[in-house]
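**Student:** Mind folding the following:
(2 chains)
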Amino acid sequence: MKRRVQRSFEALVELAIKLAGVASIVFVVLILVFLLKDAVPVLSSTPLGELVAGQQWRPTSEPAKLGFLPLILGSLVVGAGALMLAIPLGIACATFLSEVVPTHVREIVKPIVEVLAAIPSVVYGFVGLLIVGDWLRRTAGSAGEALPGPDWLTAALNMPTGMAAITGAIMLALMTLPTIVSISEDALNAVPRSYREASWALGATRWETTVRVTLPAARSGIIAGVMLGIGRVVGETMTVLMVTGNSPVIPSLTKGLFRPVRTMTATIAAEMGETAHNTEHYHALFMLGLLLFLITFAVNTVADFVTNANKHVETR
Amino acid sequence: MALRKSTLYLVLVVLTAGLIAGCPKPEVSEPPMGPGEMPQPPADTASVTTLQAKGSDTLLQVAQALAEAYAEKVSDVEVAVTGGGSGTGFQALIEGTTDIANASRKIKDKEVDAAKAKGIEPQENVVGHDGIAVIVNKDNPVSALTIQQLSDLYTAAINDWQAVGGTGEVALMSRDTTSGTYEYFREAVVKQGDKDTDLDFAASIIMLPSNSAIRDEVAKNTAAIGYIGLGYLDDSVKAVAVVNDAGAEVLPSVDTVKDGSYPISRPLFMYTSQEPSEATAAYMEWIMGDDGQAIVADEGFVPAH
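**Tutor:** Residues are numbered from 1 along each chain as shown, chains lettered A, B, ... in the order given. The predicted model follows:
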């Protein structure tokens, strides 16, 4: 009798766990279906090519112009800027924590870096708007006359407002840093000590070992960390909404980083409240959401692929 | 006893299909919240009736002042005020999630049609008049502008302060598309009152979520120009005199809006459905009465009569 109760209890627990696992897949599929359902109707009024490559975003004008290009490029500029700051800094920080610093110091510093991840994004927006943006504008702002020099430098030194892509990039870099540092540091730690010892035994210096043996060995983990960072950067909403100025311009090649931009995420957040259900604007916003979903999905898939591909190599 | 792979897939498919099929098509649902909004307290059960007033950011301060004064007068009615822009307010009225829609612009035909489709006929009440102050930084030498110049600035036909008497690049501050002030400014200033023209805001405008955000940015940025409701004008920024039809340079104030000499002014509205609840009707009547209008005047707007 007791055995039978035990066995059915176990079966029940197993079923519950399996349902929980299945549930997450179901949620992702449902989100995709929900997005598709409300995004596809926009294609009946605007073909996909025009939507994605359209150069003007004026949803409340008559007639409405729904072109995603300024928004996509806006997200791209802010994202690329953030990653250019966060990736070198993150990997360097992870290397420092893993290879240079003694264990007891690492155990203090690593949690402090991880605190950066715990700060709410609206606080980052607040700090970005009032402190970073303002500082950028005052030190680099309207010099009144154009200084001699390359175009981008003049633009950088003549910011008419602190609310620009670069402010968003700086704040996003701060937000992504803990992700990249944490995962890269774990990857570096996971490299067997024997690799390093072999390298030293062959006469390599600590720097040579780090750069030529340890980092390449931890490559898949570091890339996974970077990919997660990319996902975070593309999806961040509140900070960029508060800090980038929300101008739906196509960022220029030379000056774009130092001028206001509008990201895809901020557009959805700012405009969803006023849009009547089932209007063209509503469906266009869903299409934007679908685009974001697909981008993050693609980034995660590539990250997975890269991580697994390298795993096969390492276990040889 | 482990589940076989095929059973697992079967469960997965059945669950997904069931969930999709079972989802009712959303007929009337709460519109997603914009950045200016807060979640509302649940409509009350026992003694206190809660009224919802949503929409215009221009009306936010005066709506809150009215709500607080009314709460002192009538103890069993509470008014919850939220922002989000006039567009958000109209959307909520259409969806039935607000009793009163605060608006700094007239309701659009599209919105009236959408409301009628849901059985709601919006009733318009003018609760006051508002001037739109054009503001620049205190260090900016420009002190007067014509509507044509304002239009040129905001369409980026001019992008340097030199053309109008200042120095440096222009940073255009604007509200975002949910704002009634944005819509009104576009029609009255950017389009210069002509509905059929193609003129529109330049893509390079910086879209900020509220009157106070615009005022704060203009206060600290010498290159900035912005537009805010008269009630938000204070000493941290400089108001630009606008040249009216008679050629006079007029600074915005309650008096110049009242006598019509200031050219950029508009009525402020509160819309309700055609059959508002008793509490809502009583509240609207109080707002239009002497007490309510005194508060409207206190907040820097021109009373409706």
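**Student:** number of nearby residues for residue 294?
**Tutor:** Went with chain A since none was named. Residues lying near A:L294 (other Cβ atoms under 10 Å in any protein chain shown) number 12. The way it works is simple: take the backbone N, C-alpha and C, and place the C-beta from them, glycine included.
**Student:** right idea, wrong chain: chain B
**Tutor:** Using other Cβ under 10 Å, B:A294 is surrounded by 11 other residues.
**Student:** Now it. Nearest residue, chain neighbours left out?
**Tutor:** Spatial nearest neighbour of B:A294, excluding adjacent residues (Cβ to Cβ, 6 or more residues apart in numbering or on different chains): B:P303 at 7.7 Å.
**Student:** Just read off the phi/psi values of that neighbour.
**Tutor:** phi -60, psi 160 (degrees, to the nearest 10).
**Student:** who's it bridged to?
**Tutor:** Note on B:P303: beta-bridge partners B:G128, judged by DSSP bridges.
**Student:** which SS class is B:I132?
**Tutor:** Here B:I132 is recorded as strand under DSSP: H, G, I helix; E, B strand; the rest coil.
**Student:** now it: how far from chain A?
**Tutor:** 18 Å (Cβ to the nearest Cβ, to the nearest Å).
**Student:** who's in contact with that residue?
**Tutor:** Counting by Cβ atoms under 8 Å, 6 or more residues apart in numbering or on different chains, B:I132 touches B:181, B:184-185, B:188-189, B:227-230, B:252, B:264-266.
**Student:** Select from the residues you listed every entry located in strands.
**Tutor:** B:227-229, B:265-266 (DSSP state E).
**Student:** Most neighbours out of the residues you listed, which is it?
**Tutor:** Ranking the ones in strands among the contacts of B:I132 using other Cβ under 10 Å puts B:G229 first, with 30 neighbours.
**Student:** so what's that one up against?
**Tutor:** B:G229 touches B:58, B:104, B:130-133, B:181, B:211, B:301, counting by Cβ under 8 Å, 6+ apart.
**Student:** Swap in 10 Å and give it another go.
**Tutor:** B:56-62, B:104, B:130-133, B:175, B:180-181, B:211, B:214-215, B:252, B:266, B:268, B:299-301 (Cβ atoms under 10 Å, 6 or more residues apart in numbering or on different chains).
**Student:** What of B:S75?
**Tutor:** Listed by Cβ under 10 Å, 6+ apart, the contact partners of B:S75 are B:47-48.
**Student:** One more: the one 4 residues further on?
**Tutor:** The contact partners of B:V79, taken as Cβ under 10 Å, 6+ apart, are B:49-53, B:63-64, B:66-71, B:99-100, B:279-280, B:283.
**Student:** possible to save the ones in strands among the contacts of B:I132 as a markdown table with distance to A:T60 and pLDDT?
**Tutor:** Formatted as a markdown table, the ones in strands among the contacts of B:I132 follow (distance: Cβ to Cβ, whole Å; pLDDT from 0 to 100):
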| residue | distance to A:T60 | pLDDT |
| --- | --- | --- |
| B:Y227 | 17 | 95 |
| B:I228 | 20 | 93 |
| B:G229 | 19 | 89 |
| B:S265 | 22 | 90 |
| B:R266 | 17 | 89 |
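**Student:** B:D152 belongs to a helix?
**Tutor:** Yes: counting by three-state DSSP, B:D152 is part of a helix.
**Student:** Can you tell me how far it is from B:N159?
**Tutor:** 9 Å (Cβ to Cβ, to the nearest Å).
**Student:** And for B:D235?
**Tutor:** For B:D235, the distance to B:N159 - Cβ to Cβ - is 29 Å.
**Student:** do the same with B:N102
**Tutor:** Distance from B:N102 to B:N159, counting by Cβ to Cβ: 34 Å.
**Student:** quick one: contacts for the residue nearest to B:A294?
**Tutor:** B:127-129, B:254, B:258, B:288, B:290, B:292-297.
**Student:** The residue in the stretch 151-300 of chain A positioned nearest to chain B: how many residues sit nearby?
**Tutor:** Taking Cβ to the nearest Cβ, chain B has its nearest neighbour within the stretch 151-300 of chain A at A:G273, 2.2 Å off. By other Cβ under 10 Å, the residues close to A:G273 number 24.
**Student:** that's a strand at it, yeah?
**Tutor:** No: A:G273: not assigned to a strand; according to three-state DSSP it is helix.
**Student:** neighbour-wise, which of B:D235 and B:N159 wins?
**Tutor:** Taking neighbours as other Cβ under 10 Å, B:D235 and B:N159 compare with B:N159 leading, 17 against 7.
**Student:** pretty sure that one contacts B:I205?
**Tutor:** No: B:N159 sits out of contact with B:I205 when judged by Cβ atoms under 10 Å, with a separation of 11.5 Å.
**Student:** which neighbours do the two share?
**Tutor:** What both B:N159 and B:I205 touch, as defined by Cβ under 10 Å, 6+ apart, is the set B:171-172.
**Student:** rewinding a little: assess the claim that the residue of the stretch 151-300 of chain A closest to chain B and B:E95 are in contact.
**Tutor:** No: between A:G273 and B:E95 there is no contact under Cβ under 10 Å: 11.3 Å.
**Student:** re the thing from before, among the contacts of B:P303, which two are most distant?
**Tutor:** The span of the contacts of B:P303, defined through Cβ to Cβ, is set by B:V254 and B:M288 at 18.5 Å.
**Student:** Show me how chain B divides into domains.
**Tutor:** B:49-129+B:267-303, B:130-265 (automatic domain parsing).
**Student:** out of these, nearest to A:P260?
**Tutor:** domain B:130-265 (5.1 Å).
**Student:** Just the terminal-to-terminal distance for that closest one.
**Tutor:** 5 Å (Cα to Cα, to the nearest Å).
**Student:** next one: that domain to chain centre, how far?
**Tutor:** 16 Å (Cα atoms, centre = their mean, to the nearest Å).
**Student:** now stretch B:8-20
**Tutor:** That offset, for stretch B:8-20, works out to 45 Å (Cα atoms, centre = their mean).
**Student:** And for that stretch, what's in contact with it?
**Tutor:** With Cβ under 10 Å, 6+ apart as the criterion, stretch B:8-20 contacts A:15, A:18-19, A:21-23, A:25-27, A:29-30, A:33-34, A:37, B:2-4.
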